[in-house]
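> One predicted model, sequence on top.
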Amino acid sequence: MATRNEQTWLETIDRNAFFRIDDVAKVRVGIKTTADKVFISDHWDQLPENNQPETELLLPLLSSDCASKWLPLERRPSLRVLYTHVIKEGKRQVIDINEYPGAANYLEMHRTRLEGRKYIQDAKRKWYEIWVPQDPSSWGQPKLVFPDISQSQDFAMTQRLYC
């Protein structure tokens, strides 16, 4: 879709680039829940106690909203995501909902909405899963966070995910 001039410009940048980010780090799209209002909140502690997901399933969430041109990420993310995957035997697996009664109660409150995600059903996944979970073991690793589309060069970098 680029014009001839734009393509020439892109090729010049490519030829002269010292390296690309993917030469030194894994580039990944972030998690996708496809039901953010169910899985993401900064008010988990305001739920009735028996509907509060277990603390180990509530992970701090960096988003592109934290990104600001030329400034490092210094504030602790207030959003947390109910993360439905864990590492077992070296592999990412969906949680066994029966092992997490608080999360089970909470997710049951939203079951109709979550079961309505047809692509989850078509993929033969559990009704309560996040759609794109990524690797739970890399959660606390350093991150560069930036929006997919932006009118400015916004990004945030963190050495660790303030857990």
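Perfect, I can see it now.
> Could you identify the helix or strand that succeeds the helix or strand encompassing T8?
Following DSSP states H and E, one finds T8 within helix 4-16. Later in the chain than helix 4-16, the nearest helix or strand by DSSP H and E is helix 21-24.
> list the helices and strands the helix or strand just after that next one packs on?
Counting by DSSP H and E, the next helix or strand C-terminal to helix 21-24 is helix 36-39. Applying 3 or more Cβ pairs under 8 Å, 6 or more residues apart in numbering; DSSP states H and E, we find helix 36-39 packed against strand 80-82. For the C-beta atoms, the positions are set from N, CA and C on the backbone; glycine is no exception.
> buried ones in the strand it packs on?
80-82 (16 or more other Cβ atoms under 10 Å).
> do you know how far the residue nearest in space to the middle of the chain is from I40?
Nearest to the geometric centre of the chain sits I31, at 3.0 Å (Cα atoms, centre = their mean). Applying Cβ to Cβ, to the nearest Å, the value for I31 to I40 is 9 Å.
> list the residues that contact both of those two?
Common neighbours of I31 and I40, using Cβ atoms under 8 Å, 6 or more residues apart in numbering, are V81.
> rewinding a little: could you check how far the helix holding T8 is from the centre of its chain?
32 Å (Cα atoms, centre = their mean, to the nearest Å).
> the helices in the chain, which residues?
4-16, 21-24, 36-39, 101-109, 111-115, 118-122 (DSSP state H).
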